[in-house]
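A.B. asks: Predicted model follows, preceded by the sequence.
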Amino acid sequence: MKVAIVGASGAVGQEFLKVLDERNFPIDELLLFGSSRSAGREYTFRGKQITVKELKHNDDFKGVDIAFTSAGAGISKEFAETITRYGAIMIDNSSAFRMDEDVPLVVPEVNGDDAFVRPRGIIANPNCTTIQMVVALNAIESLSHIKRVHVATYQAASGAGASAMAELRKQYEQIVAGETPTVEKFFFQLAYNLIPQVDVFTDNLYTKEEMKMFHETRKIMHSDIAVSATCVRVPVMRAHSEAIWIETERPV
């Protein structure tokens, strides 16, 4: 199988490499793509050195079976046609296509069969906080229909990418050294702090991150479930946590 990773140098791209290796995913050829800044970097995969190529509108994806993409919504939208032109399945980690009617939004443990209907050759990967929640909700949904969910998420710096993790690390170092911490990636200082705002606010005063949990959960579970989310950024490197309150139609 010929596999491509778009955004190979990013935090998610690096996790793609680790997981593909850990799972012993059947790969005959692996291609890595990135921005002009990342092009030329080399990564080792199963004992072989692979050089990152610059992502361009050309025929580089000819013969590719699966392309894992995590380079941001803008890049995904711009290059979707280039990536899928020759039949590659594009599994996209960005928010670009999640709510498009002709793109399945898939969590394999919950709605894996949806992945087999992909008119545009694209499968969307949901928001990280939605994924872990619907796996838990799905087990309860099998016992009784879920009417309503209130969820509080506690999201690590990793959710904002490699640069966000680097900023958190730098802030801790600066504070210990008695310096003023650098604040660029987040709205406020994250080190030794909690920020009850992930992404920007919408007109209804929920943030975009919180509204993703509402819309994506309904699409994945094919349900009229109502979700109210409060998303909080916490000063840890990796691993999101959630506290979930669930109201079912019948006693469980």
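C.D. replies: Here it is on my side, so go on.
A.B. asks: Check which element follows the strand or helix carrying Ile50 along the chain.
C.D. replies: Following DSSP states H and E, one finds Ile50 within strand 48-51. Using DSSP H and E, the helix or strand that follows strand 48-51 in sequence is strand 53-54.
A.B. asks: neighbouring strands for that following strand, and are they parallel or not?
C.D. replies: strand 29-34 (parallel) (DSSP bridges).
A.B. asks: Give me the buried positions along the partner strand.
C.D. replies: Leu30, Leu31, Leu32, Phe33, Gly34 (16 or more other Cβ atoms under 10 Å). (Glycine included, C-beta is placed from N, CA and C.)
A.B. asks: Based on its surroundings, how many neighbours for the closest residue to the third one other than its chain neighbours?
C.D. replies: If I follow you right, that is Leu32. Using Cβ to Cβ, 6 or more residues apart in numbering and skipping the chain neighbours, the partner closest in space to Leu32 is Ala8 (3.9 Å). Neighbour count of Ala8, defined by other Cβ atoms under 10 Å: 27.
A.B. asks: how far away is Ala8 from Ser36?
C.D. replies: 14 Å (Cβ to Cβ, to the nearest Å).
A.B. asks: Next: Pro251.
C.D. replies: 58 Å.
A.B. asks: Neighbour count for these two, which is higher?
C.D. replies: Ser36 (9 against 6).
A.B. asks: That one contacts Glu54, correct?
C.D. replies: Yes - when contacts are counted by Cβ atoms under 8 Å, Ser36 is listed as touching Glu54 (5.3 Å).
A.B. asks: the helices in the chain, which residues?
C.D. replies: Along the chain, counting by DSSP state H, helices occupy 11-22, 73-84, 108-111, 128-141, 162-176, 208-221.
A.B. asks: Adding mean pLDDT and distance to Asp65 as columns, could you present those helices in a markdown table?
C.D. replies: Output for the helices of the chain, formatted as a markdown table (pLDDT from 0 to 100; distance: least, Cβ to Cβ, whole Å):
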| stretch | mean pLDDT | distance to Asp65 |
| --- | --- | --- |
| helix 11-22 | 93 | 13 |
| helix 73-84 | 97 | 12 |
| helix 108-111 | 96 | 18 |
| helix 128-141 | 96 | 24 |
| helix 162-176 | 95 | 27 |
| helix 208-221 | 97 | 25 |
